[in-house]
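Colleague: Just need the structure, nothing else, for what follows:
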Amino acid sequence: MTSNIKSTGKLHSYVEDLFVQLFCEAFGPEKSQYLYIQYPFRDIYGNSRYIDFVLQNEDIKIAIEIDGETYHNPSKVSKNKYYDDLLKQNSLVYDDWKVYRWVYNQLKHQPEKVKDEMMTFLGEMP
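Modeller: Reported below is the predicted structural model:
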């Protein structure tokens, strides 16, 4: 069972909290109730996975991934981990998800740019 931000309060990590803060600044805190965290899905091979954040309605499914340098940077992770990240994203695209990704350093050092991109990419969705 997934939960939305409103029902869970603080999240598991500083990075996730920072994303939610920027999301609320961009769209208003009341819109965070539509943002689901650690949303389960299955990749094309039937493996259980989780999407960091999800927005969805009857017409559109949006997956938002926040990548940390330690776990997602191609120059810092194994080839298998990198390939697995690609499989995850490709599986989402195959299942008609729109996928948006930001890295921690963008959230921390370019918050206004990230908010602008969120508003451009997500528009009136939330």
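
Colleague: In three-state terms, label residue 115 for me.
Modeller: Under DSSP: H, G, I helix; E, B strand; the rest coil, residue 115 falls in the helix class.

Colleague: Could you say which helix or strand holds the closest residue to it other than its chain neighbours?
Modeller: Residue nearest to residue 115 in three dimensions, not counting chain neighbours: residue 26, with 4.2 Å by CB to CB, 6 or more residues apart in numbering. For the C-beta atoms, the positions are set from N, CA and C on the backbone; glycine is no exception. Secondary structure assignment for residue 26, by DSSP states H and E: helix 14-27.

Colleague: From the contact counts, what lies against that helix?
Modeller: strand 48-56, strand 61-67, helix 104-109, helix 111-122 (3 or more CB pairs under 8 Å, 6 or more residues apart in numbering; DSSP states H and E).

Colleague: So which of those has the densest surroundings on average?
Modeller: Looking across these with neighbours counted as mean count of other CB atoms under 10 Å, the highest average goes to strand 61-67: a mean of 20.
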